[in-house]
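> okay, here's the prediction I keep looking at, along with the sequence it came from:
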Amino acid sequence: MLSSDVVAAAARLRGRVVRTPMARSAWLSQASGADVWLKLEHQQLEGSFKTRGALNALMLADVPRAVTASAGNHGRAMAYAARELGVELTVFTPKTAPHAKLDPIRRHGARLELCASYDEAETMALAFAREHDLPYISPYNHPDVIAGAGTVGLDVLEDLPGLDALIVPVGGGGLISGVALAAASTPEPPSVRGVEAAASPVFTSALAAGRLIEVEVSSTLADGLAGNAEPGSITFDLIRDLGVPVCAVTEDQIATAMRGLVSFEDQTVEGAGAVGVAALLAGAFDLQGTRVAVILSGGNVDPGRLRDLGQ
């Protein structure tokens with residue numbers, strides 16, 4: 001993949017997605033010693049960055065039917081894109097995904113297949129696509145999805161010239177791959193840093209091993225990041241070759257970030273979208289004196305989950 005793929009996706013998506021705001025965080029700037037800005041991508045159509053990749057991929061696919069697997073947000077975004085483009089869509093997703101993600105999939109008219117876990121959903125979706133000779137659009141292991149996701153990075157780089165670092169949530173690696181490609185297109189690229197949930201340590205383990213390996217996945221507040229990556233996923237090579245470091249944050253750290261975003265920023269962000277803030281608060285990166293942007297990638301969280309956190 002090339003940075004030009006992300007630029008082309010931005011042109012294709014113009015007028016179809018929201019240019020979400022940037023907001024300076026006095027709270028995080030004081031806590032970290034950096035000049036911290038938040039990319040409010042949880043305010044995107046369908047509540048997450050996934051709408052960018054879903055629309056870009058389905059527009060380019062130009063097919064009447066498609067299949068996908070999702071932890072929730074990609075499925076919601078794909079269902080929206082499928083409705084907009086007149087595509088018949090089947091979505092395989094964990095039955096434990098929040099209602100804030102599952103209910104809109106049904107409302108948009110997609111066929112929803114519930115599975116025990118994300119890994120099972122991906123396995124079943126791939127088998128269904130092969131059996132019915134249908135295109136499978138991965139939530140991360142797909143160049144057009146990655147290019148669409150990367151347009152978030154282009155927005156940030158245009159809005160914050162001179163940025164030193166960009167902190168990005170990592171699940172299957174589609175968002176950070178696209179953002180790193182976007183950053184590589186600039187004359188003085190910022191350092192791109194990834195953050196995943198310690199309960200699903202896919203890329204910290206893969207980078208340590210030099211290849212994707214299957215990891216044990218536990219229950220996590222960052223449900224949107226949970227699950228193993230498809231064997232041979234192009235995201236691993238992109239993350240490794242672009243030199244992107246990835247760290248992991250604990251459940252307590254994610255909960256603290258979610259509570260802080262509500263209390264100090266008045267922003268309701270799901271666990272997967274809050275991991276970058278969690279890493280910043282935990283001091284995972286030495287960024288004192290630098291200008292930093294953190295992508296809040298999604299906001300689809302059930303009210304009961306927030307109540308459990310004390311919000």
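Cool, the structure landed.
> burial count for residue 201?
18 (other C-beta atoms under 10 Å). No exception for glycine: its C-beta is placed from N, CA and C like everyone else's.
> actually, residue 241.
Count around residue 241 with other C-beta under 10 Å applied: 10.
> and residue 37, how far is that from residue 242?
Separation of residue 37 from residue 242 (C-beta to C-beta, to the nearest Å): 22 Å.
> so these two - more neighbours on which side?
Looking at residue 37 and residue 242 with other C-beta under 10 Å, you find the greater number of neighbours at residue 37, namely 22 against 16.
> distance of that one from residue 165?
Taking C-beta to C-beta, one finds residue 37 at 11 Å from residue 165.
> shared neighbours of these two, which are they?
291-293 (C-beta atoms under 8 Å, 6 or more residues apart in numbering).
> quick one, phi psi at the closest residue to residue 132 other than its chain neighbours?
In space, and not counting its chain neighbours, residue 132 is closest to residue 67: 7.6 Å by C-beta to C-beta, 6 or more residues apart in numbering. Per-residue torsions, residue 67: phi -130, psi 150 (degrees, to the nearest 10).
> which residues does residue 67 bridge with?
residue 90, residue 136 (DSSP bridges).
> quick one on the thing from earlier: now, which of the shared contacts of residue 37 and residue 165 sits nearest residue 235?
Residue 235 has its nearest neighbour among the shared contacts of residue 37 and residue 165 in residue 293, at 20.8 Å by C-beta to C-beta.
> helices or strands up against the helix or strand where the closest one lies?
Using DSSP states H and E, residue 293 sits in strand 291-295. Helices and strands touching strand 291-295, as assessed by 3 or more C-beta pairs under 8 Å, 6 or more residues apart in numbering; DSSP states H and E, comprise strand 35-39, helix 143-159, strand 165-169, helix 271-282.
> chain center to that strand, what's the gap?
With C-alpha atoms, centre = their mean, to the nearest Å as the basis, strand 291-295 stands 15 Å off its chain's centre.
> and the helices in the protein?
Per DSSP state H, the chain carries helices over the ranges 3-13, 26-32, 50-61, 73-85, 99-107, 118-131, 143-159, 174-184, 202-209, 234-241, 251-265, 271-282, 303-308.
> show residues contacting the first one.
Helix 3-13 is contacted from outside by 52, 55-56, 59-60, 143-144, 146-148, 150-151, 153-154, 178, 181-182, 184-185, using C-beta under 8 Å, 6+ apart.
> name the member of the shared contacts of residue 37 and residue 165 with the most neighbours.
Ranking the shared contacts of residue 37 and residue 165 using other C-beta under 10 Å puts residue 292 first, with 27 neighbours.
> tell me the contacts of it?
32, 34-37, 163-167, 280.
> can you count the residues close to the nearest residue to residue 6 once chain neighbours are set aside?
Leaving out its chain neighbours, the residue that sits closest to residue 6 by C-beta to C-beta, 6+ apart is residue 150, at 3.7 Å. Neighbourhood size, residue 150 [other C-beta under 10 Å]: 33.
> repeat that for residue 137.
By other C-beta under 10 Å, neighbour count at residue 137 equals 28.
> surely it is in contact with residue 58?
Yes: if you go by C-beta atoms under 8 Å, residue 137 and residue 58 touch, sitting 7.1 Å apart.
> which neighbours do these two have in common?
66, 78.
> which of the contacts of residue 292 sits closest to residue 16?
Among the contacts of residue 292, residue 166 lies closest to residue 16 (C-beta to C-beta), at 23.5 Å.
> so who does residue 167 touch?
193-195, 276, 279-280, 285, 292-295.
> now with 6 Å?
193, 276, 294 (C-beta atoms under 6 Å, 6 or more residues apart in numbering).
> now swap in residue 93 and tell me
70, 72, 75, 121 are the contacts of residue 93 under C-beta under 6 Å, 6+ apart.
> and residue 252, how many neighbours?
Neighbour tally, residue 252, other C-beta under 10 Å: 11.
> and what of residue 130?
Neighbour count of residue 130, defined by other C-beta under 10 Å: 11.
> for it, report the pLDDT, please.
You'll see residue 130 listed with a pLDDT of 96.
> picking up where we left off before, so can I have a markdown table of the contacts of residue 292 showing pLDDT and distance to residue 301?
Below are the contacts of residue 292 laid out as a markdown table (pLDDT from 0 to 100; distance: C-beta to C-beta, whole Å):
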| residue | pLDDT | distance to residue 301 |
| --- | --- | --- |
| 32 | 95 | 24 |
| 34 | 97 | 26 |
| 35 | 98 | 28 |
| 36 | 98 | 22 |
| 37 | 98 | 22 |
| 163 | 95 | 28 |
| 164 | 97 | 30 |
| 165 | 97 | 26 |
| 166 | 98 | 23 |
| 167 | 98 | 20 |
| 280 | 97 | 20 |
